[in-house]
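K.L.:
quick check, what structure comes out for this input:
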Amino acid sequence: MAGNPVPVVAVDGPGGSGKGTVTQMLARRLGWHLLDSGALYRLTALAARRQGVDLADEVGLVGVAAGLDVSFQPTPEGEPVRVFLDGDDVTREIRTEQTGDGASRVAVIQAVRDALLQRQRDFRQAPGLVADGRDMGTVVFPDAPVKVFLTASAEERARRRYLQLKEAGMDVNIQNLLDEIRARDERDMNRSAAPLKPADDAQVIDSTGLSIEEVLSKVMALLGQA
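P.N.:
Model (predicted):
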């Protein structure tokens with residue numbers, strides 16, 4: 001990785017901060033590749049299920065993670081990025097509760113994280129990469145010329161999630177969502193493996209009260225300074 005001339009924009013931050021939308025828009029506008037690192041854990045769980053590998057089989061899971069054939073395809077604005085596994089469009093399948101539960105089980109296994117580290121770095125291809133995650137700037141791409149830590153208040157992130165789920169027709173309670181977000185933040189920031197925190201040289205952007213376009217403009221400005 002040292003000396004790699006391919007530029008990377010590393011965007012880290014907690015869930016609900018807007019980094020998924022911002023990274024998709026940024027990759028689309030730049031014509032760069034996109035990495036949704038969180039999806040890799042869902043894809044590992046899905047691939048394991050398809051291959052008959054038990055989620056308690058650490059050795060088997062490492063093999064699955066190391067051999068993932070995945071790609072992310074930017075889509076027109078307003079549509080979620082398309083995710084492919086072994087050439088199949090699994091965009092919807094990786095967002096099911098079953099796959100999400102599997103992802104949470106494999107993500108705590110350090111050997112799986114180690115196996116996915118190189119998989120993530122393999123996305124670094126010309127003309128450039130926009131990487132979305134929680135440890136992109138600290139662990140995966142520490143030499144990225146542009147690092148952003150995108151955050152927002154827990155209350156704002158709960159509000160965004162509430163509106164998203166209500167639009168999808170789900171009956172949700174905003175206080176429960178807020179409690180879940182705070183609990184997840186606590187876990188992410190205090191876990192032993194790649195805890196959620198800004199890289200020392202990251203630009204922190206608080207998206208509370210900002211539109212996606214305003215956040216994107218701030219990131220584009222950082223690119224112009226790199």
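K.L.:
kindly tell me how buried I94 is, as a neighbour count.
P.N.:
If you count neighbours by other C-beta atoms under 10 Å, I94 ends up with 22. (C-beta placed from N, C-alpha, C; glycine too.)
K.L.:
swap that for E213, sorry
P.N.:
Residues lying near E213 (other C-beta under 10 Å) number 10.
K.L.:
can you give me the strands in this structure?
P.N.:
Assigned by DSSP state E, the chain shows strands spanning 8-12, 33-36, 70-73, 82-85, 88-89, 129-133, 146-151, 203-206.
K.L.:
could you dump those to CSV with mean neighbour count?
P.N.:
CSV is the format used below for those (neighbours: other C-beta atoms under 10 Å):
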stretch, mean neighbour count
strand 8-12, 28
strand 33-36, 24
strand 70-73, 17
strand 82-85, 18
strand 88-89, 12
strand 129-133, 27
strand 146-151, 25
strand 203-206, 16
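K.L.:
those strands: lowest mean pLDDT?
P.N.:
Sorting the strands of the chain by mean pLDDT places strand 70-73 lowest, at a mean of 83.
K.L.:
sheet partners, orientation included, of it?
P.N.:
Note on strand 70-73: by DSSP bridges, its sheet partners are strand 82-85 (antiparallel).
K.L.:
export the strand it pairs with as PDB, just CAs?
P.N.:
Extracted in PDB, the C-alpha atoms of strand 82-85 (Å, rounded to 0.1, in the frame of the first residue of the first chain):
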ATOM      1  CA  ARG A  82     -26.100  -1.800  -6.400                       C
ATOM      2  CA  VAL A  83     -24.100  -4.500  -4.700                       C
ATOM      3  CA  PHE A  84     -23.000  -7.700  -6.600                       C
ATOM      4  CA  LEU A  85     -21.800 -11.000  -5.200                       C
END
